[in-house]
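> when you get a sec, could you give me coordinates for this:
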Amino acid sequence: PRPCRRASPHRPAMHSPSAAALLAAAASSLAASAAAAVAVAAAGDVAVCEAPGCGELSDGDEAPLLQVHRSAGGVNVSYQSKSESEAWSGTSQGWCLGTRILQESIAEDIVPNAEIDSKYIAWFTMPQQQSMKLLLQFQKKLKPVTLPPSMRNVGPGKAITFSEGSAADVVGMMYAATKVSGIFEHVPEELRGVFWMKGNAMPEELTVFQYSTWSEDKKILFQPQAPFMWAWPGGKPRRAPMFGVQYSRDVSAGLAAGFAYAMSCNANAFGFSTCKEGKELTNMPLYCDVSDPDPRGYAYMQAFGVGNVSSVNKFGPVISSVTGLPSFITNQLDAGFTLQKMPGSVDGSHYKRPCQWGTTTCSFLEFGTYDLVKIMDGDGKPVQPAYDQFLAYMGDVPLLVWSGWHNAAFREFSAKSYRDWISAVDKGQAAALLQHPAGTEEARTLFR
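Numbers count the residues shown, from 1 in each chain. Alright, predicted model coming up:
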């Protein structure tokens, strides 16, 4: 999912530097949330997926907070995109000892919404919103995490809530909170459930795909960032990857990564194909089986700031922020991220997440690769032995999640703020908006 947040020269908007660097990198694309507002959260203790409704589809909250035109198929969107030859132009030329980097967005035409310039997919544009009732219920069962002033005083920091709880409880809640009727059933079965980013050296542990937009026509999954879709460590597991150098003994590293995630509103796109077709892009490493006819055996990944599918995130600035190299060098660098089904994988039980770094056309240095392992299936049942292995790995270290907003009014205001920001950017008025991120009477009322 997110490109491997760690790389030598991670965090992508899909992934790879230090937690602090990640936050800084996200902040740049993130001015998008500077206008958002809202207050910090609520309380609790812990309990799991045996909570009422955990194994059932959540009805969600009916309308998208930002209306997006959809075809009759609902989230099973069929869209017209550039021809394959156009989308791959400039990258299929020449030889690459690694993964070619596509210059064009693989999902540019997936959102036919003229009102916001036909280019945004994010939590606030999803056709069905997550159930606020369920989010609030889970917040009360988890322990609230107080944001430091440096986060609390930044636009959305006043709007969003973070909570932590035991690994077993959080896994079940992630599944239930993202299983939304009208969306869940359109996502391919092997991509439903909860996944462990096993071996990912960045301070992040779990992700889900089941609250995503899926195009059956183009075989593209668009994964927005939303509450309970990602989980970070609230400390350092005893066997954290790479000796846990990117982790902290307290919640700080996970919170920095999580806050950047929630603020940025970035999104990931996965363009699926067979492994054999994927070989057109990836010469090595090819972990998937080229003889496997599975049409979702390989996926090429891209990341987009604020869900802007017309603008692919480049990783040169991330490399610059981590290494200190001057931009005239890092502007010539980029990263290639893929998702590859491992031989023997059953119903999406095991993928490899290669992370490769190189030039703007060819990523050839593999660093930060990890395994994506399913620990809870699409029915909300633990996948063994992976589930028990994950719990053993976490031990008594809690999991941290973006648990939502203080209430429905805060969520609606936050969605409006993003929409206002997008309009201001498109009109060249972003600077004026940034000067008064909470200047309206509506915002002042919510803050009180």
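> what's the longest helix in this protein?
helix 408-426 (DSSP state H).
> what mean pLDDT does that one have?
In this model, helix 408-426 has an average pLDDT of 84.
> may I see the buried residues of it?
Within helix 408-426, the residues that qualify as buried are 408, 410-419, 421-422, 424-425, counting by 16 or more other CB atoms under 10 Å. In this view, the C-beta of every residue, glycine as well, is placed from N, C-alpha and C.
> got the CA coordinates for that helix in CSV?
Extracted as CSV, the C-alpha positions of helix 408-426 are listed here (Å, rounded to 0.1, in the frame of the first residue of the first chain):
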residue,chain,number,x,y,z
ALA,A,408,-20.6,14.5,12.5
ALA,A,409,-20.5,18.3,12.4
PHE,A,410,-16.7,18.3,12.6
ARG,A,411,-16.5,15.8,9.7
GLU,A,412,-18.8,17.9,7.5
PHE,A,413,-16.9,21.0,8.2
SER,A,414,-13.6,19.3,7.5
ALA,A,415,-15.0,18.1,4.1
LYS,A,416,-16.2,21.6,3.3
SER,A,417,-12.8,22.9,4.2
TYR,A,418,-11.0,20.5,1.8
ARG,A,419,-13.5,21.5,-0.9
ASP,A,420,-12.9,25.2,-0.3
TRP,A,421,-9.2,24.6,-0.4
ILE,A,422,-9.4,22.7,-3.7
SER,A,423,-11.5,25.5,-5.2
ALA,A,424,-9.0,28.1,-3.9
VAL,A,425,-6.0,26.2,-5.4
ASP,A,426,-7.7,25.9,-8.7
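> packing partners for that helix?
Using 3 or more CB pairs under 8 Å, 6 or more residues apart in numbering; DSSP states H and E as the contact definition, the elements that helix 408-426 packs against are strand 399-405, helix 430-435, helix 441-447.
> what residues sit buried inside stretch 390-397?
Counting neighbours by 16+ other CB under 10 Å, one finds that the buried residues in stretch 390-397 are 390, 393, 394, 397.
> contacting residues around that stretch?
Outside stretch 390-397, the residues within contact range by CB atoms under 8 Å, 6 or more residues apart in numbering are 167-168, 171, 196, 198, 205, 233-239, 373, 375.
> which of the helices and strands packed on helix 408-426 comes out lowest on mean pLDDT?
helix 441-447 has the lowest average pLDDT among the helices and strands packed on helix 408-426, namely a mean of 47.
> what bits of the protein have low per-residue confidence?
In the predicted model of the chain, residues 1-94, 109-118, 155-156, 429-448 satisfy pLDDT under 70.
> for it, which strand is longest?
strand 333-341 (DSSP state E).
> show me how far stretch 414-429 is from its chain's centre.
From the chain centre to the centre of stretch 414-429 is a distance of 21 Å (CA atoms, centre = their mean, to the nearest Å).
> residues contacting the residue nearest the centre of the chain?
With distances taken as CA atoms, centre = their mean, the chain has residue 225 as the residue nearest its mean C-alpha position (4.5 Å). With contacts taken as CB under 8 Å, 6+ apart, residue 225 has the following neighbours: 122, 123, 261, 262, 264, 265, 266, 267.
> just give the number of residues close to the first one.
It stands for residue 122. Summarising burial for residue 122: neighbours were counted as other CB atoms under 10 Å, giving 28.
> from now on call the first residue 601
Happy to do that; since the first residue is 601 now, the last one works out to residue 722.
> quick one, what contacts it?
Residue 722 sits next to 666, 824, 825, 865, 867, 906, 907, 1018 when contact means CB under 8 Å, 6+ apart.
> format the contacts of residue 825 as a markdown table; extra columns: secondary structure and distance to residue 852.
What follows is these, written out as a markdown table (DSSP: H, G, I helix; E, B strand; the rest coil; distance: CB to CB, whole Å):
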| residue | secondary structure | distance to residue 852 |
| --- | --- | --- |
| 722 | coil | 27 |
| 723 | helix | 25 |
| 861 | helix | 15 |
| 862 | helix | 16 |
| 864 | helix | 18 |
| 865 | coil | 22 |
| 866 | coil | 21 |
| 867 | strand | 26 |
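> among those residues, which one sits closest to residue 898?
When the contacts of residue 825 are compared for distance to residue 898 (CB to CB), residue 867 comes out closest, at 20.1 Å.
> give the contact list for the closest one.
When contacts are counted by CB under 8 Å, 6+ apart, residue 867 is found next to 613, 721, 722, 822, 823, 824, 825, 903, 904, 906, 907, 909.
> who's it bridged to?
Beta-bridge partners of residue 867, counted by DSSP bridges, are residue 824, residue 904.
> can you give me the strands in the stretch 751-900 of the chain?
Per DSSP state E, counting those that start in this stretch, the stretch 751-900 of the chain carries strands over the ranges 760-765, 794-798, 806-807, 813-815, 820-824, 830-833, 867-873, 898-904.
> and the closest residue to residue 839 other than its chain neighbours, what helix or strand is that in?
Distances taken as CB to CB, 6 or more residues apart in numbering put residue 993 closest to residue 839, at 6.3 Å, once the chain neighbours are dropped. Here residue 993 sits within helix 986-994, counting by DSSP states H and E.
> could you export that helix as CSV, CA atoms only?
C-alpha atoms of helix 986-994 as CSV (Å, rounded to 0.1, in the frame of the first residue of the first chain):
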residue,chain,number,x,y,z
ALA,A,986,-0.6,-14.9,10.4
TYR,A,987,-3.1,-13.4,12.9
ASP,A,988,-1.4,-15.0,15.9
GLN,A,989,2.0,-14.1,14.6
PHE,A,990,1.0,-10.4,14.4
LEU,A,991,-0.3,-10.4,17.9
ALA,A,992,2.9,-12.0,19.2
TYR,A,993,4.9,-9.4,17.2
MET,A,994,3.1,-6.5,18.8
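> re earlier: redo the contacts of residue 867 as JSON lines? Include distance to residue 733.
Putting those into JSON lines (distance: CB to CB, whole Å) gives the following:
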{"residue": "613", "distance to residue 733": "30"}
{"residue": "721", "distance to residue 733": "25"}
{"residue": "722", "distance to residue 733": "22"}
{"residue": "822", "distance to residue 733": "26"}
{"residue": "823", "distance to residue 733": "24"}
{"residue": "824", "distance to residue 733": "21"}
{"residue": "825", "distance to residue 733": "21"}
{"residue": "903", "distance to residue 733": "31"}
{"residue": "904", "distance to residue 733": "30"}
{"residue": "906", "distance to residue 733": "27"}
{"residue": "907", "distance to residue 733": "25"}
{"residue": "909", "distance to residue 733": "31"}
